[in-house]
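Participant: the following comprises the amino acid sequence and a computationally predicted model.
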Amino acid sequence: MEKTQTVLVTGATSGIGKATAELLAKHGFNLILCGRRQERLDTLQEYLGRNTDVHTLNFDIRDKEAVFKAIETLPASFSQIDVLINNAGNAHGLDTIDEGSLDDWDAMLDINVKGLLYVSKAIVPQMVKRKSGHIVNIGSTAGKEVYPKGNVYCASKHAVDAINQGMRLDLNAYGIRVGAINPGLVETEFSNVRFKGDSDRAEKVYQGFQPLKPGDIADIIHFTITRPYHVNIADLVVMPTAQASSTIVKKEL
Ligand code: NDP
Ligand code: 8X3
């Protein structure tokens, strides 16, 4: 019988990561779920733990020592990570380049780029040693084009696009699969974080059309990691039907 795969999901406390954790639990994957909000991690452990083995890790992906400590101290039954889903991330602010906040820029580059690298560095060497593994990087349409006021968020997601390509090149020799899923507008806590808790402004982003739901991306992640070994979803862009680009969205308001 094939061994049950262990999947580590960063940013599992909300949105795309949470929906992915829920779907993968239904399919019986062992899960390592990461985030900073302990209460949410406890809730996930409690209800998903009824279906499958779940281990939660609370760390800020900006803190490299915390990242390495969390991965190093995984219990033996979770220490072999078969699939890494690099999902944690957010936009902070939506401002022109002259008006953007340095703290927002630091947050986006530290979380979306450096955090993804820290988590990968803590996990990829064990995949290389085993010559097996699968990495799914959650990029964005913002990593494929740039939109007004998106400047640094778009830069962070363009970096994810480059890291995804670089990982695939460097890990090819070890038979490790690497791919990115790049969503357009998905209704999650994303805009709430971007607009610093201004929920009226956040809600408006998704009004007048049908945005993607976190479960739509979870379905694609599940599809991606359940393909036969010779199939690697290398780079996938998915948008709501109403969206043609970052700036062209057919809205009926
Ligand atoms: P959410 O805000 O709903 O979820 C973000 C997740 O990231 C949370 O679980 C959060 O957990 C975690 N996270 C954020 N900062 C940190 C940190 N410093 N350390 C550890 N974990 C952190 O947003 P989405 O689900 O929408 O976003 C998930 C990914 O999808 C992101 O990479 C985003 O860029 C990408 N994306 C989103 C799109 C959208 O339209 N929503 C479209 C394209 C891509 P906690 O706060 O508990 O730490
Ligand atoms: C999130 C999609 O268009 O809000 O990455 O930047 S967008």
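Facilitator: Happy to help now that I have it. Numbering: from 1, shown residues only. Ligands and ions are numbered 1, 2, ... in the order given.
Participant: could you report the distance from the residue in the chain that ligand 1 sits nearest to to Thr224?
Facilitator: Closest to ligand 1 within the chain is Gly15: 2.2 Å, counting by C-beta to the nearest ligand atom. C-beta here means a position set from N, CA and C on the backbone, and glycine is covered the same way. The gap separating Gly15 from Thr224 is 17 Å, by C-beta to C-beta, to the nearest Å.
Participant: follow-up on the earlier one: separation between the residue of the chain closest to ligand 1 and Leu8?
Facilitator: Going from Gly15 to Leu8 by C-beta to C-beta gives 17 Å.
Participant: over to Phe223?
Facilitator: 19 Å.
Participant: and the two? which has more neighbours close in?
Facilitator: Leu8 (26 against 12; other C-beta atoms under 10 Å).
Participant: I'd like to know how many residues surround the closest residue to the more buried one other than its chain neighbours.
Facilitator: Spatial nearest neighbour of Leu8, chain neighbours left out: Ile32 (4.1 Å); criterion: C-beta to C-beta, 6 or more residues apart in numbering. For Ile32, the neighbour count with other C-beta under 10 Å is 27.
Participant: look up which residues are beta-bridged to Ile32.
Facilitator: In this entry, Ile32 is beta-bridged to Leu8, His55, by DSSP bridges.
Participant: mind pulling up the pLDDT for it?
Facilitator: At Ile32, the model reports a pLDDT of 98.
Participant: got the phi and psi for Val178?
Facilitator: phi -140, psi 130 (degrees, to the nearest 10).
Participant: what about it, distance to Ala218?
Facilitator: From Val178 to Ala218 the distance is 19 Å (C-beta to C-beta).
Participant: higher neighbour count, those two?
Facilitator: Applying other C-beta under 10 Å to Val178 and Ala218 shows that Val178 carries more neighbours, namely 27 against 22.
Participant: give me the nearest residue to that one, chain neighbours excluded.
Facilitator: The shortest distance from Val178 to any non-neighbouring residue, by C-beta to C-beta, 6+ apart, is to Arg168 (4.0 Å).
Participant: what of Ala122?
Facilitator: Ile71 (4.0 Å).
Participant: how near is the residue positioned nearest the centre of the chain to Asp103?
Facilitator: By C-alpha atoms, centre = their mean, the chain has its centre lying nearest to Asn87, at 1.1 Å. Counting by C-beta to C-beta, the gap from Asn87 to Asp103 is 23 Å.
Participant: ok, now Gly93?
Facilitator: In terms of C-beta to C-beta, Gly93 sits 9 Å off from Asp103.
Participant: so which residues on the stretch 101-250 of the chain come close to ligand 1?
Facilitator: Neighbours of ligand 1 within the stretch 101-250 of the chain, by C-beta under 6 Å from any ligand atom: Ile111, Ile138, Ser140, Pro183, Leu185, Val186, Thr188, Glu189, Phe190, Val193.
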